[in-house]
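Chemist: next input, structure requested:
(2 chains)
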There are 2 protein chains.
Amino acid sequence: MNLKIYNSLSGEKEIFKPIHENSVGMYVCGPTVYSNVHLGNVRTFMSFDFIYRSLVHLGYKVRYVRNITDAGHLTDDGDVDNDRFVKQSRLEKLEPMEIVQKYTVDFHKVLEVFNLLPPTIEPTATGHILEQIELTQKLIDKGFAYESNGSVYFDVLEYNKRGLNYGELSHRNIEELFANTRNLDGQNEKKNAPDFALWKAASPAHIMRWNSPWGEGFPGWHLECTAMSTKYLGEKFDIHGGGMDLKFPHHECEVAQGKACNGTEPVNYWMHANMLTMNGQRMSKSTGNYILPMELVSGSNDFFEKPFHPSVVRFNFMQAHYRSVLDISNEAMVASEKGFQRLMEAMKILKNFEFKEVDNSPVNHQSPTINLKSWKEKCYTALNDDFNSPILIAHLFEAVNFIFKLKDGKETISENDLAELKTLMNDFVFDVLGLQNIEENNNAKLDQTLQVLIDLRNQARKSKNFDLSDQIRDRLLAEGIELKDGREGTSYSIS
Amino acid sequence: MNLKIYNSLSGEKEIFKPIHENSVGMYVCGPTVYSNVHLGNVRTFMSFDFIYRSLVHLGYKVRYVRNITDAGHLTDDGDVDNDRFVKQSRLEKLEPMEIVQKYTVDFHKVLEVFNLLPPTIEPTATGHILEQIELTQKLIDKGFAYESNGSVYFDVLEYNKRGLNYGELSHRNIEELFANTRNLDGQNEKKNAPDFALWKAASPAHIMRWNSPWGEGFPGWHLECTAMSTKYLGEKFDIHGGGMDLKFPHHECEVAQGKACNGTEPVNYWMHANMLTMNGQRMSKSTGNYILPMELVSGSNDFFEKPFHPSVVRFNFMQAHYRSVLDISNEAMVASEKGFQRLMEAMKILKNFEFKEVDNSPVNHQSPTINLKSWKEKCYTALNDDFNSPILIAHLFEAVNFIFKLKDGKETISENDLAELKTLMNDFVFDVLGLQNIEENNNAKLDQTLQVLIDLRNQARKSKNFDLSDQIRDRLLAEGIELKDGREGTSYSIS
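Modeler: Below is the predicted model:
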């Protein structure tokens, strides 16, 4: 089965051909660590975590590089005082690298909570100053960059003159770019408005600074990704990912830097994850329509009626394709929680389900509602179709329905099919989608202990000792544990 | 009260005077991330975590820098092929930076399990290549270093000629050093055997390499700490810590580099944490007397009869002073577990204890066994006496005994003293020693549910329904939960 990937560069789904057979080099733009990670960023990183897990599951050896931007993220090219780290460090009265450490720790914690795997290399911008200085020098030597007042700029017009087509990724033309560039401080250093900084001279007040052939300064934001991807994946590699908002100018500049330096497109497949909205609106601190990832998990927010387990959030995110806008709302999250619980219940049933010889009652002679071979094929078709998680989940729920019927004796399955179903469901649910079984991880002993109490209560009811059975129910209720009697026996919920 | 710190440089306890009032700059040598972190290293890092927590508790604003050595850790100066990252990357068939990432993630996980706080800055060696090249150049310019075949060495003899006293920290003299240096590969590049590498030329096979004024190469191990401590704490700072095994040559070289560069002792207080042994023997992979930190926690090892919660391990470690050898054994760990449980029980009693007006029964007219004011003073005396955790813990257990008596009505306490005791015990146990209440964090619901079962069993025994009481005991035992009847009532333990 061919893996197809939507390539932002061509605007089409293409068959994926890795540069080296069975290996994938993937670079994803990581966080800028001057504040808490945004929920929208978590979605982006989770999308690429799913893509990474899928590639590994499909048999590729993946070198997955995701950087940490810990320097030089200017809010715009012209204004050195807008360096986000320097600004935040003044605000928090910390050294810039203390800001970096604080928010890097936060970033890693949040991603671990949502069960994202660490990348295989996690380089930092400040860890590659030397490489960035060398790249800048190379671009000057090749005539694609020029020095001005101790800063170095990439010459977009010169790049285009040589037929290299700036704008090819974001599908813009150079005239638009000229027209749309605002006139900002320091712009007079540039030959032309669309030129972008490779290296910026540091003003005396600027605390993050390094020596360079052009005096003390710091690297421009776009250059770090070219430096790190080249170092760890080569001048040309398979996949580059990031949020849609990075397509222009950041990724466009990366393409230009790569082509100017090495004369080749740096990336074969550009992948962009779409936005996250809340209640149909863009999330933004200034409008107040804003929530931190951990606030969604803890329940301390004004938008959701209850806290949601990180795996429920992850399940909700995975129900949208990475290229679609994902809208979160209380209603959608509650629905996801129900779906997630049903999925986990099915996983538990499946885990404990043991093969039994088929009896001869008429129901077992009907053909089963699921054909394992074609079901498996459908799941892999979804995965191979540009990593279509919502379609994959829809197929998993066919299996969920089948599993419930199995349990009720309304379906049968062969011994081999049962073994394969167990393997496939575990692979898709836990390894590929990255969901976690809440109950199993945290509460095995509690579950066993409650089972003892449920059994005692059932005994008491059988022997008509209702004092005892009521006592058990009421004592547990006082502790926030509700027993529920149903046709399937007694279950419980914990508040 | 004056804080006293044992200074390895003077060999004496000295009164601590920070360079900037109320602020502390502290640098601790971090891990070399080419393999899983050693339990002995965990002890070292935990010692400095306790010191960091103590300093913060005592009111200092601490900038705590702990580095990650991710390049250039040669097993000896002469043999470039002994670069540990390059060796391990060949073994694991990974790129060196993948090795770095794998073991950095492991390191952070292990330290989090043992409740170590992250440092305020965590710089990497590869993140400071430029600074190391600049330091090397500065040492050459000042005549303290020389180039040889593309490598640069520190000239120990020249340093001593200028009266700068190489060996002052480890209390060695230069003649010994000449006598004891082995003759190794590449030694012929050096003027004298005790000289050490600042920069090493990379052989063609060496994959971790950077451009420098002396050709492609990589930094020597000792230089990175000087580069990073100078950058984030200044040319002279308050405290430098590390394991005792780093005193020579690593820290000795740092002193020399600092003094040669800046003409001043770089560090006011050198602190060294002592070794960890197991069953009276040095831990070593080659002799088999070796256990990984997580194996102690999971119980999968041949040395301990059961798993130990990370907080029990931490409590055990804290029962030794950081400058004493700490020996771990099954017996000692089981004893620590009992002590830890008693401490946690007291913390629970204290938390729920509410002030009651004193009645007039004779027992309450005795003077209490604890005088809060002098007890508090003793606790702070221990903390201020070179961070004496075992003495502090001994004082905490006086309070534990008092708390149990309070509970039994054999002691009284005033409302104010009760409030202060609660604050102090919480501060010392949780914030300063860094212990965690296992039960509260993980098992509140389980505890409540088991309490219901214990009550039911007691009811059953009262009404001589031994079938039921035995059933409860046996069912729980089958789930690994043992009920234990004692004078204080029934408790349980979970295996």
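Chemist: what about the residue of the stretch 151-300 of chain A found nearest chain B, distance to A:A125?
Modeler: The stretch 151-300 of chain A approaches chain B most closely through A:W210 (5.8 Å), counting by Cβ to the nearest Cβ. From N, CA and C alone the C-beta is placed, and that goes for glycine too. Noted for A:W210: a distance of 11 Å to A:A125, by Cβ to Cβ, to the nearest Å.
Chemist: just to revisit the earlier point, hmm, the residue of the stretch 151-300 of chain A closest to chain B is touching B:H128, no?
Modeler: No: judged on Cβ atoms under 8 Å, A:W210 makes no contact with B:H128 at a distance of 10.1 Å.
Chemist: using PDB, write out every CA atom in stretch A:95-103.
Modeler: Taking C-alpha atoms only, stretch A:95-103 is exported to PDB below (Å, rounded to 0.1, in the frame of the first residue of the first chain):
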ATOM      1  CA  GLU A  95      18.200  36.100  32.900                       C
ATOM      2  CA  PRO A  96      17.000  35.200  29.400                       C
ATOM      3  CA  MET A  97      18.300  31.600  29.800                       C
ATOM      4  CA  GLU A  98      16.300  31.300  33.000                       C
ATOM      5  CA  ILE A  99      13.200  32.200  30.900                       C
ATOM      6  CA  VAL A 100      14.300  29.600  28.400                       C
ATOM      7  CA  GLN A 101      14.700  26.900  31.100                       C
ATOM      8  CA  LYS A 102      11.400  27.700  32.900                       C
ATOM      9  CA  TYR A 103       9.300  27.400  29.700                       C
END
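Chemist: how far does it sit from its chain's centre?
Modeler: The chain centroid and the centroid of stretch A:95-103 are separated by 23 Å under Cα atoms, centre = their mean, to the nearest Å.
Chemist: list the contacts of it.
Modeler: A:31, A:33-37, A:68, A:70-71, A:85-86, A:88-89, A:92, A:94, A:126, A:207-208, B:63, B:118-123, B:232 (Cβ atoms under 8 Å, 6 or more residues apart in numbering or on different chains).
Chemist: how about 6 Å then?
Modeler: A:V33, A:Y34, A:D70, A:F85, A:Q88, A:S89, A:M208, B:T120, B:I121, B:E122 (Cβ atoms under 6 Å, 6 or more residues apart in numbering or on different chains).
Chemist: spell out which parts of the stretch 201-350 of chain A neighbour chain B.
Modeler: Contact residues, the stretch 201-350 of chain A versus chain B (Cβ under 6 Å from any Cβ of the partner chain): A:W210.
Chemist: helices of the stretch 201-350 of chain A, start to end?
Modeler: Taking DSSP state H, counting those that start in this stretch as the criterion, the stretch 201-350 of chain A carries its helices at A:221-233, A:252-262, A:293-298, A:310-318, A:330-352.
Chemist: which of the ones you listed sits closest to B:T226?
Modeler: helix A:221-233 (25.4 Å; Cβ to Cβ).
Chemist: thinking again about what came up before, compare A:W210 and B:H128 (neighbour count), which wins?
Modeler: B:H128 (27 against 19; other Cβ atoms under 10 Å in any protein chain shown).
Chemist: now do the SS call for that one.
Modeler: Of the three states, B:H128 takes helix according to DSSP: H, G, I helix; E, B strand; the rest coil.
Chemist: residues in contact with it?
Modeler: Contacts of B:H128 (Cβ under 6 Å, 6+ apart): B:A227, B:M228.
Chemist: which pLDDT value goes with it?
Modeler: With respect to pLDDT, B:H128 scores 97.
Chemist: cool, A:S203 as well?
Modeler: pLDDT at A:S203 comes out at 86.
Chemist: residues near it, how many?
Modeler: A:S203: 13 neighbours (other Cβ under 10 Å).
Chemist: just A:W221 next, same as before
Modeler: 25.
Chemist: surely it touches A:G72?
Modeler: Yes: shown here, A:W221 and A:G72 form a contact pair, counting by Cβ atoms under 6 Å, at 5.4 Å.
Chemist: so the residue of the stretch 151-300 of chain A closest to chain B makes contact with A:L130?
Modeler: No: contact between A:W210 and A:L130 fails when scored by Cβ under 6 Å: they sit 8.9 Å apart.
Chemist: against A:K200, how distant is the closest residue to A:N149 other than its chain neighbours?
Modeler: Once flanking residues are discounted, A:N149 sits nearest to A:E189: 5.3 Å by Cβ to Cβ, 6 or more residues apart in numbering or on different chains. According to Cβ to Cβ, A:E189 and A:K200 sit 10 Å apart.
Chemist: go on, A:V100?
Modeler: From A:V100 to A:K200 the distance is 18 Å (Cβ to Cβ).
Chemist: circling back: for A:W210 and A:L130, list the residues in contact with both.
Modeler: B:L130.
Chemist: so chain A: which segments form each domain?
Modeler: A:18-273, A:278-439, A:443-494 (automatic domain parsing).
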